[in-house]
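Enquirer: quick one, structure for this:
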Amino acid sequence: MRFFSDNAATVAPAVLEAIAAANRVDTAYDGDWLSQQLDGAFSDLFGTDVAALWVTTGTAANCLALSAMVPPHGGVLCHREAHINTDEAGAPEFFTHGAKLIPLDGGGAKLTPETVRAARRAIRPDVHQVQPRALSITNATEYGLVYTPDEVAALGEVSKDLGLGFHMDGARFANAVARLGCHPGDVTWRAGVDALSFGFVKNGGLSAEALIFFRKDLADVARMRRKRAGQLLSKGRYQAAQLLALIEGDRWIANGRASNAGAAAVAEAAAGRLMLPVEANEIFLRLTADEAASLRAQGFDFYDWGEGQARLVTSWDQPQHEIDALAAAIRAL
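Expert: Residues are numbered from 1 along each chain as shown. From the prediction side, this is the model:
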């Protein structure tokens with residue numbers, strides 16, 4: 001019973017069907033009939049005119065977005081626990097040709113306007129120090145907390161005041177929006193976000209993520225960088241098919257609600273052990289080594305997260321009997 005990562009989840013049947021339906025001759029690269037639909041489909045979803053690009057990984061989405069905003073001599077303000085800082089093997093620096101990540105602190109991997117302003121004030125405006133050019137946040141965060149529209153808007157205002165591009169890593173964007181119950185535009189472009197890495201692989205996709213630009217000038221740069229980075233697939237219709245299948249009929253948000261519901265059920269059983277509130281589909285628990293071993297002996301798979309801590313993640317396709325079994329096992333510890 002895998003609670004290790006939502007990356008291990010299955011592919012949504014609608015996605016496999018869409019890939020099969022796309023299996024006919026069409027124009028290569030972005031010229032196919034499905035890729036040509038992306039801008040319009042995502043513009044309808046967000047309620048504004050956007051440019052939507054398919055890429056194969058979340059790392060590519062994050063790094064292409066940042067490389068369109070930040071020159072090699074610039075910097076990116078982000079949380080110390082941000083995925084771009086801890087889990088992308090230097091890819092942001094590689095894609096930007098050397099831009100520096102400037103890590104900041106904050107509870108639950110969240111940043112505040114005050115933290116961002118203080119960090120900017122601490123950097124001298126001269127050639128001896130890296131000047132920030134972008135702010136990157138994650139929603140839901142690496143600790144499963146969610147930025148509200150007001151919180152994003154406050155950071156968007158700071159970004160505007162400081163002349164920073166504003167990027168959102170939305171690897172679990174569906175989980176955040178499902179939790180908030182808001183329009184996806186309320187927590188992105190209306191709040192000042194310039195570019196969104198919209199995660200699909202964790203939410204029923206196979207091999208496609210969406211890079212959404214609310215500023216078309218950034219999209220023009222990213223298209224060239226996507227090719228240079230080896231992310232422009234000749235048979236891109238199979239990537240576009242996945243994205244369109246998941247936004248059709250709001251499957252993406254339904255899948256996000258499903259994984260959130262599983263996490264909420266586990267969290268209820270583990271109330272006294274929670275390290276942080278459970279707002280999306282990640283659960284961080286206090287477990288002794290013996291307790292962790294007991295759960296694993298019962299067939300549950302999850303990450304150790306430091307001494308006496310564990311991370312469990314529920315997926316969009318998690319069988320209810322597995323969620324019930326895990327909840328019962330935790331209650332019995």
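
Enquirer: okay, CA-based contacts and neighbour counts for the rest of this
Expert: OK.

Enquirer: can you pull the buried residues of stretch 8-26?
Expert: Judged by neighbour count (16 or more other Cα atoms under 10 Å), stretch 8-26 contains these buried residues: 9-12, 14-16, 18-19, 22.

Enquirer: okay if I get the residues you listed as a markdown table plus secondary structure, pLDDT and distance to Ala60?
Expert: Shown next, in a markdown table, are the buried residues of stretch 8-26 (DSSP: H, G, I helix; E, B strand; the rest coil; pLDDT from 0 to 100; distance: Cα to Cα, whole Å):
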| residue | secondary structure | pLDDT | distance to Ala60 |
| --- | --- | --- | --- |
| Ala9 | coil | 95 | 20 |
| Thr10 | coil | 97 | 21 |
| Val11 | coil | 98 | 20 |
| Ala12 | coil | 98 | 22 |
| Ala14 | helix | 98 | 24 |
| Val15 | helix | 98 | 21 |
| Leu16 | helix | 98 | 23 |
| Ala18 | helix | 98 | 23 |
| Ile19 | helix | 98 | 21 |
| Ala22 | coil | 98 | 23 |
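
Enquirer: let me know how buried Ala118 is, in neighbour terms.
Expert: 11 (other Cα atoms under 10 Å).

Enquirer: repeat that for the one 3 residues further on.
Expert: Residues lying near Arg121 (other Cα under 10 Å) number 10.

Enquirer: separation between it and Thr115?
Expert: 10 Å (Cα to Cα, to the nearest Å).

Enquirer: check Pro103 too.
Expert: According to Cα to Cα, Pro103 stands 11 Å off from Thr115.

Enquirer: try His183
Expert: The separation that His183 has from Thr115, given Cα to Cα, amounts to 27 Å.

Enquirer: and stretch 42-56, how far out from the chain's middle?
Expert: The chain centroid and the centroid of stretch 42-56 are separated by 15 Å under Cα atoms, centre = their mean, to the nearest Å.

Enquirer: just the buried positions in it, please.
Expert: Residues of stretch 42-56 classed as buried under the neighbour-count rule (16+ other Cα under 10 Å) are 42-43, 45-46, 49-56.

Enquirer: then it to PDB, C-alphas only?
Expert: Listed in PDB are the C-alpha atoms of stretch 42-56, where the atom choice follows Å, rounded to 0.1, in the frame of the first residue of the first chain:
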ATOM      1  CA  PHE A  42      -6.300  27.100 -20.600                       C
ATOM      2  CA  SER A  43      -7.500  30.600 -21.300                       C
ATOM      3  CA  ASP A  44     -11.000  29.400 -20.700                       C
ATOM      4  CA  LEU A  45      -9.900  27.600 -17.600                       C
ATOM      5  CA  PHE A  46      -8.200  30.700 -16.100                       C
ATOM      6  CA  GLY A  47     -10.500  33.300 -17.400                       C
ATOM      7  CA  THR A  48      -7.800  35.300 -19.100                       C
ATOM      8  CA  ASP A  49      -5.700  35.100 -22.200                       C
ATOM      9  CA  VAL A  50      -2.700  32.800 -21.600                       C
ATOM     10  CA  ALA A  51       0.000  31.000 -23.400                       C
ATOM     11  CA  ALA A  52       0.200  27.300 -22.600                       C
ATOM     12  CA  LEU A  53       3.200  25.100 -23.300                       C
ATOM     13  CA  TRP A  54       3.500  21.400 -22.700                       C
ATOM     14  CA  VAL A  55       6.700  20.000 -21.200                       C
ATOM     15  CA  THR A  56       7.600  16.600 -19.900                       C
END
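
Enquirer: pLDDT (mean, whole number) over that stretch?
Expert: Throughout stretch 42-56, pLDDT has a mean value of 98.

Enquirer: helices or strands next to the strand of greatest length in the chain in the packing?
Expert: The single longest strand within the chain, with elements called by DSSP state E, is strand 131-138. In this structure, strand 131-138 makes packing contacts with helix 58-69, strand 74-79, strand 165-170, judged by 3 or more Cα pairs under 8 Å, 6 or more residues apart in numbering; DSSP states H and E.

Enquirer: show me what the first one is packed against.
Expert: Spelled out, it's helix 58-69. Helix 58-69 makes packing contacts with helix 91-95, strand 131-138, strand 165-170, strand 195-198, strand 209-213, helix 216-228 when contacts are defined by 3+ Cα pairs under 8 Å, 6+ apart.

Enquirer: buried deepest among the ones you listed, which one?
Expert: The highest mean neighbour count among these, using mean count of other Cα atoms under 10 Å, belongs to strand 195-198: a mean of 29.

Enquirer: and it, C-alpha only, in CSV?
Expert: Listed next in CSV are the C-alpha coordinates belonging to strand 195-198 (Å, rounded to 0.1, in the frame of the first residue of the first chain):
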residue,chain,number,x,y,z
ALA,A,195,4.0,32.1,-14.8
LEU,A,196,2.6,28.9,-13.4
SER,A,197,4.1,25.4,-13.5
PHE,A,198,0.8,23.5,-13.6
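
Enquirer: please state the offset of that strand from the chain centre?
Expert: Its chain's average C-alpha position is 8 Å from that of strand 195-198, according to Cα atoms, centre = their mean.

Enquirer: what's in contact with it?
Expert: Contacts of strand 195-198 with the rest of the structure, by Cα atoms under 8 Å, 6 or more residues apart in numbering, involve 58, 61-62, 65, 166-173, 188, 209-215.

Enquirer: count of neighbours near Arg331?
Expert: By other Cα under 10 Å, the burial measure for Arg331, its neighbour count, is 14.
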